[in-house]
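Student: output the structure for:
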Amino acid sequence: MDAIKNALIIDGLFDPTTLIESRAWQILAEGVYVSEIYDMGNAGPRSAFLRYMPDASVSNHLHTGLEHILILHGSQTDGSRIYRAGTLVIHPPGTQHHLVSQEGCLALGVWEKPVAFTPTI
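Tutor: This is a model prediction of the structure:
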């Protein structure tokens, strides 16, 4: 069996222009776009690229499982800290936050379980 046969390979991860132009994007929130990599459904793991336009935000949400966010380009803030390109942020289950990207941002997200959008904290 060819071990590479079923592998998911994404080229150009660190070239934002190539990555943006080579992917299909859907609206997640005003000024925020998502490009799904995989979604196992039924409360399973999911991965996607997130593209924030300048000053765009994602409303408050609760993590029901682990969330891994790798900032590929630009930066985002959760109100307490700015995360710049090259930063990996791992949020444990039970944490919640609201995200804003003043300059715009491109990120890779991996979620163990779906997030639940909640009222502002």
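
Student: mind listing the residues bridging to the most centrally placed residue in the chain?
Tutor: Nearest to the mean C-alpha position of the chain, by Cα atoms, centre = their mean, lies G109 at 3.3 Å. Counting by DSSP bridges, G109 is bridged to A48, I69.

Student: thinking it is in contact with L66, fair?
Tutor: No. G109 is beyond contact range of L66, at 11.1 Å (criterion: Cβ atoms under 8 Å). For the C-beta atoms, the positions are set from N, CA and C on the backbone; glycine is no exception.

Student: any weak-confidence spans in this structure?
Tutor: 1-4, 119-121 (pLDDT under 70).

Student: wait, what's in contact with S75?
Tutor: I82, Y83, R84, A85, S101, Q102, E103, C105 (Cβ atoms under 8 Å, 6 or more residues apart in numbering).

Student: identify the residue spatially nearest to the third one, adjacent ones excluded.
Tutor: Nearest residue to R84 in three dimensions, chain neighbours excluded: S75, at 4.5 Å (Cβ to Cβ, 6 or more residues apart in numbering).

Student: any idea which element the one you found lies in?
Tutor: strand 67-77 (DSSP states H and E).

Student: let's see that strand as PDB, backbone CA atoms only.
Tutor: The C-alpha coordinates for strand 67-77 follow below in PDB (Å, rounded to 0.1, in the frame of the first residue of the first chain):
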ATOM      1  CA  GLU A  67      -8.000  24.500  19.100                       C
ATOM      2  CA  HIS A  68      -4.700  25.000  17.300                       C
ATOM      3  CA  ILE A  69      -4.200  28.300  15.400                       C
ATOM      4  CA  LEU A  70      -1.000  28.900  13.400                       C
ATOM      5  CA  ILE A  71      -0.600  32.500  12.200                       C
ATOM      6  CA  LEU A  72       0.800  32.300   8.700                       C
ATOM      7  CA  HIS A  73       0.700  36.000   7.700                       C
ATOM      8  CA  GLY A  74      -0.300  39.200   9.500                       C
ATOM      9  CA  SER A  75      -1.600  39.100  13.100                       C
ATOM     10  CA  GLN A  76      -4.700  38.800  15.200                       C
ATOM     11  CA  THR A  77      -5.500  39.600  18.800                       C
END
